[in-house]
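In: Turn this into a model:
(chains A and B)
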Number of protein chains: 2
Amino acid sequence: LEGSELAKAIKKGDRRALSKGITLVENSGNGAAGLLRMIRPQSKAFVLGITGPPGTGKSSLVDRLIGVYRSKGLKVGVVAVDPTSPITGGALLGDRVRMLAHSQDSGVFIRSMASRGWSGGLSRATSQVVRLLEAAGFDIILLETVGIGQSDIEVVGVSHAVIVVLMPGLGDDVQVSKAGLMEVGDVYVVNKADLDGADAMAVNLIGVMKGSKSRFPAVIKVSARTGEGIASLEAAIETIRLKFDEGHDDLRLKSLKGMILETARGNILERLGHVSDTKLETLARSVHTGRLTVEEAAAKLAA
Amino acid sequence: LEGSELAKAIKKGDRRALSKGITLVENSGNGAAGLLRMIRPQSKAFVLGITGPPGTGKSSLVDRLIGVYRSKGLKVGVVAVDPTSPITGGALLGDRVRMLAHSQDSGVFIRSMASRGWSGGLSRATSQVVRLLEAAGFDIILLETVGIGQSDIEVVGVSHAVIVVLMPGLGDDVQVSKAGLMEVGDVYVVNKADLDGADAMAVNLIGVMKGSKSRFPAVIKVSARTGEGIASLEAAIETIRLKFDEGHDDLRLKSLKGMILETARGNILERLGHVSDTKLETLARSVHTGRLTVEEAAAKLAA
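Out: Now for the predicted structure:
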């Protein structure tokens, strides 16, 4: 399948065509623009970002949410963005477990994407895969990121709502606020609610939120393992999803802004990655002999 | 201290001026270009990158290497690049331990840098801090990165030599090669050599290296805890450092190329981060109404 045939098959929900389209996005970056133009997604899918530090149980929570939305008859796409190298294993293993649990369900499509090449490429690809899944008829797209560093927060920019997953024992709320996670969440989940300190953490989080006059995100204690609190989490997400379904443009515009920015970023970084080595070598020699500073050479390179 | 006064103080090795310069780099990004122009570092310091997956004991190894170079009378600067958010704790804790061990030694300067803002900013800042340390008279600069994802490999681009730290039980060599780490190392360390599987891992690594016809990096078993193998590691690094001291330009040019690229990348990403929200909103609306695709809007934004 090529070009318009591939686009048609994806819009019909053909899983193999979807896989092929995603591979195209992953491999050719900007080259997938043609496919996406033919598909013209309509921003009907609700994109739910799930982020937080490693080890807080995001994958188990995603598993629970898949169950929640499947029981409503909604089709669920999952993109697990993995900025860690495959060497660490953790996130990939989590995906495999999920794969097994849902592999028989045609209403679920799970794809993990690892970072490759210039780091801007990952967020661009994520934004494009989200649109492919939407075009293929998935109603809910869960975008799980490992929650390390700023790049994940940028990935979350394409989401319509963001769940930040924390757990007791991560350190005090000051650390949470330093990580920049306090600004991105619509819902804060204290997972592993059966552990000591879950109540204290929830109280702390609510205290931190009260410090901000503009935002009042929900704070919910959950145990992804036992299912405790999942119904409350679902309700908190539904209040946002309802707004989305009612056609509030602000959520759609927020996500589109994120997609445009990430795509622009990816394109620029890709171009810089293709700088000729001759040009770079000449500039490096100029710095070496003292004719230019590194900053001056960088300005010439970017020009 | 401002401008040329600050530059003078840094070149005299004043630690408080150095700290102030680093803070300037961290906060103002491109604004530190003036300070760096006044300093004009001479590429005399040997920059040693240390990377690898989390938990392999990079910090302990850095501790050992500080000891090795201090015993030779060399001044050692350490930049611990931490792309993880402060919430995870790990790397920051490692720095604190090192801080305590070496805080009384005026020949050692340790700085940890966490990711902030657009992700390109970190590598640019790292490159600039390396040059400040060099100007302040440090002979060896150890650049420790957490080894997650491509951004660390880019940071390593500014190094004159790169040590990849692994440990038994990380998974098979296929995973190591997938992570892209097989292409960046000059020396491969199997740390925690007392663990089961250390010999097998070293043999595997040597096997993988033999598959590459152009590169023969050293593979060395080490225990950072007991000191076993540290002398062999030191010898392997010295063969590269000797070339550097003899004035081989290729190592210096490689590092300068890395610095120019990272600085250009940081500048471009910073510019994109300052895009006006009005412009972005207009583009998002055009995508929303179907006049533009996300890719077309991104092209207009980057133009």
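
In: Is there proximity between the longest helix along chain A and chain B?
Out: Taking DSSP state H as the criterion, chain A has its longest helix at helix A:249-273. Yes - for helix A:249-273, a contact with chain B is found by Cβ under 8 Å from any Cβ of the partner chain, at A:249, A:252-253, A:256-257, A:259-261, A:263-265, A:267-269, A:272. Yep, even glycine has a C-beta here, placed from its N, CA and C like the rest.

In: Which parts of the stretch 51-200 of chain A are helices?
Out: Remark: helices assigned in the stretch 51-200 of chain A by DSSP state H, counting those that start in this stretch are A:58-71, A:90-102, A:120-135, A:150-156, A:173-178, A:198-211.

In: So which bits of the longest helix of chain A are buried?
Out: Under the neighbour-count criterion of 16 or more other Cβ atoms under 10 Å in any protein chain shown, helix A:249-273 has A:251-270, A:272 buried.

In: Give me the angle between the next helix or strand after it and helix B:249-273.
Out: As assigned by DSSP states H and E, the chain's next helix or strand after helix A:249-273 is helix A:277-288. Interaxial angle, helix A:277-288 versus helix B:249-273 (axes from the mean of the first three to the mean of the last three Cα atoms, to 10 degrees): 100 degrees.

In: Show me what helix A:277-288 is packed up against.
Out: Helices and strands in packing contact with helix A:277-288 are listed as helix A:294-302, helix B:249-273; criterion 3 or more Cβ pairs under 8 Å, 6 or more residues apart in numbering or on different chains; DSSP states H and E.

In: can the longest one be found next to chain A?
Out: Yes - Helix B:249-273 comes into contact with chain A (Cβ under 8 Å from any Cβ), by way of B:249, B:252-253, B:256-257, B:259-261, B:263-265, B:267-269, B:272.

In: pLDDT (mean, whole number) over that helix?
Out: Mean pLDDT, computed over helix B:249-273, is 84.

In: can you check the first one too?
Out: Model confidence over helix A:294-302 averages 89 on the pLDDT scale.

In: Same check on stretch A:125-142?
Out: Mean predicted lDDT for stretch A:125-142 stands at 92.

In: Restricting the selection to alpha carbons, write it to PDB.
Out: Taking C-alpha atoms only, stretch A:125-142 is exported to PDB below (Å, rounded to 0.1, in the frame of the first residue of the first chain):
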ATOM      1  CA  ALA A 125       6.600  11.700  15.700                       C
ATOM      2  CA  THR A 126       4.400  11.400  18.800                       C
ATOM      3  CA  SER A 127       2.200  14.200  17.500                       C
ATOM      4  CA  GLN A 128       1.900  12.500  14.100                       C
ATOM      5  CA  VAL A 129       1.100   9.100  15.500                       C
ATOM      6  CA  VAL A 130      -1.600  10.600  17.600                       C
ATOM      7  CA  ARG A 131      -3.200  11.900  14.400                       C
ATOM      8  CA  LEU A 132      -2.900   8.600  12.700                       C
ATOM      9  CA  LEU A 133      -4.600   6.800  15.500                       C
ATOM     10  CA  GLU A 134      -7.300   9.500  15.500                       C
ATOM     11  CA  ALA A 135      -7.800   9.000  11.700                       C
ATOM     12  CA  ALA A 136      -8.000   5.200  12.300                       C
ATOM     13  CA  GLY A 137     -11.100   5.800  14.500                       C
ATOM     14  CA  PHE A 138      -9.700   5.600  18.000                       C
ATOM     15  CA  ASP A 139     -11.800   7.600  20.400                       C
ATOM     16  CA  ILE A 140      -9.400   7.900  23.300                       C
ATOM     17  CA  ILE A 141      -5.600   8.200  22.900                       C
ATOM     18  CA  LEU A 142      -3.500   7.500  26.000                       C
END
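
In: Kindly confirm my reading that A:L48 forms part of a strand.
Out: Yes - according to DSSP: H, G, I helix; E, B strand; the rest coil, A:L48 belongs to a strand.

In: Is there a neighbour count for it? I'd like the number.
Out: 26 (other Cβ atoms under 10 Å in any protein chain shown).

In: That one and chain B, how far apart?
Out: For A:L48, the distance to chain B (Cβ to the nearest Cβ, to the nearest Å) stands at 19 Å.
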